[in-house]
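Trainee: Let me see the structure of the following:
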Amino acid sequence: MTGHPAPSGPCVVVAGGGTAGHIEPALALADAVMRLRPDARVVALGTERGLENKIVPARGYPLELIPPVPMPRKPTLDLLKLPLNVRGAVKQTREVLERVGADVVVGFGGYVALPAYLAARGRVPIVVHEANAKAGLANKVGAKFAAHVAAAVPDSGLADAEVIGIPLRHSITTLNRAALRAEARRFFGLDPDAPTLLVFGGSQGARSINEAVAPVAAEFARAGVGVLHAYGPKNTVAVQQVPGAPAYVPVPYLERMDLAYAAADAVLCRSGAMTVAEVSAVGLPAVFVPLPHGNGEQALNAGPVVSAGGGLLVPDEELTPQRVASLVVPLVADRARLAQMSEATLGTGRREADEILARRVLEVIKK
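Mentor: Below you'll find the model as predicted:
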């Protein structure tokens with residue numbers, strides 16, 4: 001007999017499109033569901049313009065496209081169109097849920113989650129996960145009629161949420177940095193022994209971080225510090241290499257985040273919820289530079305790690321080459337301080353959120 005028998009297990013629909021911050025936790029949950037129930041099916045919802053079009057198929061999950069329902073932040077004409085937009089999106093989403101035989105919808109917020117919650121309401125049980133320090137509109141709506149609500153941190157604004165952390169990729173939560181270190185340094189062409197800083201600004205890079213860090217390349221070199229700098233596919237950086245010093249390695253994008261973390265002794269990065277969770281789970285000391293836009297949630301995300309002593313917070317407008325030279329260079333060169341910070345940040349990390357959420361989702365289906 002050829003082919004595989006059709007899976008007889010539950011069908012879990014995940015809704016978390018748009019940014020990596022919504023998609024990655026959804027896929028980490030999907031992986032955990034498949035580990036616990038190999039007979040399950042997981043289907044992802046997305047829109048044609050989101051990052052999920054690249055990320056979801058690459059991770060081996062089917063993607064069903066629905067119309068996006070952007071949530072306007074200000075009263076504009078889009079707000080008047082919203083009820084019609086929502087109605088069309090909900091109708092199409094409901095058709096998808098029926099066609100795939102959804103047993104549960106798990107939403108992670110954002111403009112894919114809202115139509116999913118409204119389409120599932122009263123028909124398919126809903127589980128909501130909030131990754132940010134403050135819940136967004138979609139999850140506030142979904143939580144009102146969800147069978148279970150989970151959050152990354154306390155006080156997210158969702159009543160009765162179970163605090164579990166953020167579902168992270170297995171390759172991150174099981175990462176043994178020390179064991180992979182030599183291979184990771186070779187992979188990126190980094191000095192095998194020098195203290196090394198990893199710099200990144202989210203999947204698209206961050207211009208303000210690039211402009212503050214790249215000009216300090218010679219100071220890093222003089223201090224004997226290596227740098228791995230992901231500057232973003234749409235950006236460029238010019239870096240002065242110092243002969244005989246540890247390399248400063250600029251790359252447009254990090255495909256292998258696990259190896260990047262293993263190669264590093266410290267990170268300088270944004271403080272999106274996903275980034276903070278990963279950095280804490282692997283125990284890397286961090287200099288967080290919150291994105292200056294939005295409702296200030298990135299500074300809130302970093303708060304617990306900074307309070308515990310595992311990270312420092314530098315506002316975006318204060319991140320200058322001078323500040324990098326006076327604060328970051330000596331920090332990365334100070335192995336004793338990095339060891340203390342690493343210990344502190346590990347204490348704030350949660351590695352088992354993916355399996356906890358997967359168990360809750362499967363329990364909701366059983367009920």
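
Trainee: Tell me the secondary structure of the spatially closest residue to Leu36 that is not a sequence neighbour, please.
Mentor: Of all residues not flanking Leu36 in the chain, Ala358 sits nearest, at 5.3 Å (C-beta to C-beta, 6 or more residues apart in numbering). (Each C-beta comes from the backbone N, C-alpha and C, glycine too.) Following DSSP: H, G, I helix; E, B strand; the rest coil, the label given to Ala358 is helix.

Trainee: any idea how far Ala358 lies from Glu352?
Mentor: 10 Å (C-beta to C-beta, to the nearest Å).

Trainee: Looking at those two, which is more packed in?
Mentor: Ala358 (24 against 14; other C-beta atoms under 10 Å).

Trainee: Run through the residues that contact the more buried one.
Mentor: With contact set as C-beta atoms under 8 Å, 6 or more residues apart in numbering, Ala358 has these partners: Leu29, Ala32, Val33, Arg35, Leu36.

Trainee: which other helices and strands contact the helix or strand where Pro250 lies?
Mentor: Using DSSP states H and E, Pro250 falls within strand 248-251. In this structure, strand 248-251 makes packing contacts with helix 217-222, strand 226-230, judged by 3 or more C-beta pairs under 8 Å, 6 or more residues apart in numbering; DSSP states H and E.

Trainee: Same list (these) but as TSV, adding mean neighbour count, distance to Ala119 and mean pLDDT.
Mentor: Converted to TSV, the helices and strands packed on strand 248-251 look like this (neighbours: other C-beta atoms under 10 Å; distance: least, C-beta to C-beta, whole Å; pLDDT from 0 to 100):
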stretch	mean neighbour count	distance to Ala119	mean pLDDT
helix 217-222	19	51	96
strand 226-230	26	37	97
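
Trainee: which secondary element of this protein has the worst mean pLDDT?
Mentor: In the chain, no helix or strand scores lower on mean pLDDT, DSSP states H and E than helix 77-100, which sits at a mean of 82.

Trainee: Which residue comes closest to the residue nearest the centre of the chain once chain neighbours are left out?
Mentor: Nearest to the mean C-alpha position of the chain, by C-alpha atoms, centre = their mean, lies Met274 at 2.9 Å. In space, and not counting its chain neighbours, Met274 is closest to Gly21: 4.7 Å by C-beta to C-beta, 6+ apart.

Trainee: Double-check the one you found against Ala273; I have them as touching.
Mentor: Yes: with contact defined as C-beta atoms under 8 Å, Gly21 reaches Ala273; the gap is 6.0 Å.

Trainee: what do the two both touch?
Mentor: Ala131.

Trainee: Adjacent strands (with direction) for whatever helix or strand comes next after the least confident helix or strand of the chain?
Mentor: Following helix 77-100 in sequence order, the next helix or strand is strand 104-107 (DSSP H and E). Using DSSP bridges, the strands paired with strand 104-107 are strand 11-15 (parallel), strand 126-130 (parallel).

Trainee: No further questions, thank you.
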